[in-house]
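[1] All I have is the shape, not the residue letters:
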Ligand SMILES: [Zn+2]
């Protein structure tokens, strides 16, 4: 069996959104320590490359990219209230996108069955012409477009388990039936979108699946939702590729999220997606770091998912009936919203 690919680089430390900002360089620092301790026999470290401007413009307007490029001349520039750049941010953003594309290339070439791009800043809130929520470029959306354009992919699943709704990713593919966007997120919460009746439009109607969850959901609730909604919807779609917006802010220790997921929960969620990838996607699945703001929780959760990529047999998925009961009305309503499309 070939080894998972892991993208990480010191350069990702250089994006500095200001003192006290939760999306801080230390997030990558702890992951550099983690990956330096990985067994080199078991994982393949992939050096990132910078995305080209043409690749960025798959999902962003040229004027917007030029605006971001111009921030390289400013010590600090506020793109919105919480999305702040420094002189290095534009370059780091290009390297974040390029790092993910590097991983996709490696998986497409069969060098790695799967992998994890440990990059920053995150991307899933970034809109075509607007930065928001710590995000400049929508890395996962650009990755999906890249797969379509470079490898002719026709069915791509994007699973977004970050605690926040990935409004930018939803927006990018809202009318596109080739990308099934599935999001679990705390609701109502930032950024405000992600209600269950947001299902896509036009040819893309039915290809956006929002699973808005009440605060306080923990492993049992997430695994029930994955078992009852995510896995069956994903399997029916039969994706050629699975891309995962892996945010670790649903962790119980996270200062921004209000959920109760543990390392074991993330590993079990990863295992369930890996099994869908085995069945549908010729094992092709790529994880991308989004949020996650408690350093120990982030480090341990990434370690748990990296372990799942390599050895999922040791991970148990235990479904809890009482958690199923609590969420059953919500799960049933979402099933009803989507059953007419499939
Ligand atoms: Zn988040």
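    Everything's here; your move. Quick caveat: nothing in here was measured; it's all calculated off a predicted structure.
[2] was I right about residue 254 contacting residue 247?
    No. The pair residue 254 / residue 247 is not scored as a contact, 9.1 Å apart, by CB atoms under 8 Å. Just so you know, the C-beta spots here come from the backbone N, C-alpha and C atoms, and that holds for glycine as well.
[3] out of those two, which sits in the busier spot?
    residue 247 (28 against 23; other CB atoms under 10 Å).
[4] ok, now how distant is that one from residue 153?
    With distances taken as CB to CB, to the nearest Å, residue 247 is found 23 Å from residue 153.
[5] tell me which parts of the protein are close to the ion?
    By the rule CB under 5 Å from the ion, the part of the chain lying against the ion is 162, 164, 247, 249, 291.
[6] residue ranges of the strands in the stretch 1-150 of the chain, please?
    5-7, 44-46, 77-80, 83-85, 114-117 (DSSP state E, counting those that start in this stretch).
[7] got the buried residues for the strand or helix carrying residue 298?
    Using DSSP states H and E, residue 298 maps to helix 295-310. Of the residues in helix 295-310, 297-310 count as buried by neighbour count, 16 or more other CB atoms under 10 Å.
[8] With pLDDT as extra columns, can I get these in TSV?
    Formatted as TSV, the buried residues of helix 295-310 follow (pLDDT from 0 to 100):
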residue	pLDDT
297	98
298	98
299	98
300	98
301	98
302	98
303	98
304	97
305	98
306	98
307	96
308	97
309	97
310	94
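[9] In CSV: these, plus distance to residue 222.
    Shown next, in CSV, are the buried residues of helix 295-310 (distance: CB to CB, whole Å):
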residue, distance to residue 222
297, 15
298, 17
299, 20
300, 17
301, 13
302, 17
303, 18
304, 14
305, 14
306, 19
307, 18
308, 14
309, 19
310, 22
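[10] ok, of those residues, which one's closest to the ion?
    residue 298 (11.6 Å; CB to the ion).
[11] quick one, what contacts the residue nearest to that closest one when sequence neighbours are not counted?
    Leaving aside its sequence neighbours, residue 298 sits nearest to residue 292 (CB to CB, 6 or more residues apart in numbering; 4.2 Å). Contacts here follow CB atoms under 8 Å, 6 or more residues apart in numbering; on that basis residue 292 touches 27, 247-249, 251, 254, 298, 301-302.
[12] Whichever residue of the stretch 151-300 of the chain sits closest to the ion: what secondary structure?
    Nearest residue of the stretch 151-300 of the chain to the ion: residue 291, at 2.9 Å (CB to the ion). At residue 291, secondary structure determined by DSSP: H, G, I helix; E, B strand; the rest coil is coil.
[13] any idea how far stretch 149-169 is from the chain center?
    Per CA atoms, centre = their mean, to the nearest Å, the displacement of stretch 149-169 from the mean C-alpha position of its chain is 8 Å.
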